[in-house]
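A.B. asks: based on what follows, work out the 3D shape:
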Amino acid sequence: MDRAEILRYMRTSSKITDEKVLSLADKAAEIVENSTEPKTIYRVFDCDVSKNEVVIGTEKFISSHLADNLRGCKRAVVFGATLGTACDRIINKAVATDVALAIALQAAAACRIEEVCDELEKQIIRELGVSLRQRYSPGYFDLDISEQKKVFELVEITKRIGITLTDTFEMLPTKSVTAIIGIE
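C.D. replies: Numbering: from 1, shown residues only. From the prediction side, this is the model:
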């Protein structure tokens, strides 16, 4: 994992020289790397874009920003990614025993899930031979977080990779991402 990114997520400078902070970031990266088993899934759907809504597969999403992001695309990728439940367990344990480590673990896990999403995008590009737009997730701008439920149904995320949604649309495990990406 990129130490500079972990430090950024920790809200400190990548130019920091404090050995305690650097050691903590490295320790957190090692723990996250060794205790997580990322899982991903994606599916490709036809999409239809109008002024402020997007139809992907059988689901309609109301969002002018998503529509702008996908304008000109005829297909879209919908994906889910997670670091798994072990990640939540190690962070929760650290919260109770070592708050500084918990902060570093949160940062390392955030960095790792972004790496997993980036790796998945590269895999999709290789497998499909396409270019992708920027990923867009429920909760961004005017795409309500409740639209998460539609993403889960389209890709069968709970069944396929074990992410669940709470009543308030929080994903469990917490270090999980869903996204919609336009195919150019």
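A.B. asks: and the helix ranked longest in the chain, what does it pack onto?
C.D. replies: For the chain, the helix with the greatest residue count under DSSP state H is helix 99-128. On a contact count with 3 or more C-beta pairs under 8 Å, 6 or more residues apart in numbering; DSSP states H and E, helix 99-128 meets helix 3-9, helix 19-35, strand 39-49, strand 75-82, helix 85-97, strand 176-183. Yep, even glycine has a C-beta here, placed from its N, CA and C like the rest.
A.B. asks: surely Thr164 is in contact with Thr158?
C.D. replies: Yes. Applying C-beta atoms under 8 Å, one finds Thr164 in contact with Thr158, separated by 5.4 Å.
A.B. asks: so for those two, which residue has more residues nearby?
C.D. replies: For Thr164 versus Thr158, the count of surrounding residues by other C-beta atoms under 10 Å is larger for Thr158: 15 against 12.
A.B. asks: so what secondary structure elements neighbour the helix or strand harbouring that one?
C.D. replies: Secondary structure from DSSP states H and E places Thr158 in helix 157-161. Under the contact criterion of 3+ C-beta pairs under 8 Å, 6+ apart, helix 157-161 touches strand 39-49, strand 75-82.
A.B. asks: tell me the most buried of the ones you listed?
C.D. replies: Counting by mean count of other C-beta atoms under 10 Å, strand 75-82 has the highest mean neighbour count of those, with a mean of 25.
A.B. asks: kind regards, and thank you for your time.
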